[in-house]
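Novice: sequence unknown, structure follows:
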């Protein structure tokens, strides 16, 4: 056995965790803005901006899931309940985007 500690996976670095926490917070703020815009009948420009923001957040969250799967090794990723919740939310977000484009 080696006496050298293995470096943590990229996704487990504090800076990366902090980045994705910030992404979650900013996403929540943008969701609030989007909800308000829909409630007040915002124009097409605002709806387009919100859709672009949703695509950016979706891409970042897919990246996070992929990095976590690589770090935890598939299928071990799916053994943890939080990972299942995260993957389910990302999948539902992807389906929402598909419907958003299909209904445009």
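Specialist: Alright, I've got the coordinates. None of the values given here were measured: they were computed from a predicted structure.

Novice: distance of the residue most central in space within the chain from residue 73?
Specialist: By C-alpha atoms, centre = their mean, the mean C-alpha position of the chain lies nearest to residue 61, the distance being 2.2 Å. Taking C-beta to C-beta, to the nearest Å as the measure, residue 61 falls 20 Å from residue 73. Every residue, glycine included, has its C-beta placed from N, CA and C.

Novice: before we move on, the earlier item: which other helices and strands does the helix or strand containing the residue nearest to the centre of the chain contact?
Specialist: Counting by DSSP states H and E, the element that carries residue 61 is helix 44-72. Counting contacts by 3 or more C-beta pairs under 8 Å, 6 or more residues apart in numbering; DSSP states H and E, the secondary-structure elements packed against helix 44-72 are helix 14-39, helix 81-102.

Novice: Of all the residues in stretch 47-57, which ones are buried?
Specialist: Of all the residues in stretch 47-57, those buried under the rule 16 or more other C-beta atoms under 10 Å are 50, 53, 54, 57.

Novice: So what touches that stretch?
Specialist: For stretch 47-57, contacts defined as C-beta atoms under 8 Å, 6 or more residues apart in numbering pick out 23, 27, 30, 33, 34, 37, 38, 93, 96, 97, 100.

Novice: can you redo the helices and strands packed on helix 44-72 as JSON lines with mean neighbour count and mean pLDDT?
Specialist: Written out in JSON lines, the entries for the helices and strands packed on helix 44-72 read as follows (neighbours: other C-beta atoms under 10 Å; pLDDT from 0 to 100):
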{"stretch": "helix 14-39", "mean neighbour count": "12", "mean pLDDT": "94"}
{"stretch": "helix 81-102", "mean neighbour count": "12", "mean pLDDT": "93"}
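
Novice: Which among these is found nearest to residue 68?
Specialist: The closest approach between residue 68 and any of the helices and strands packed on helix 44-72, judged by C-beta to C-beta, belongs to helix 81-102 at 6.4 Å.

Novice: Mind listing residues that contact the closest one?
Specialist: For helix 81-102, contacts defined as C-beta under 8 Å, 6+ apart pick out 51, 54-55, 57-58, 61-62, 64-65, 68, 72, 77-78.

Novice: Right, I'll call it a day here.
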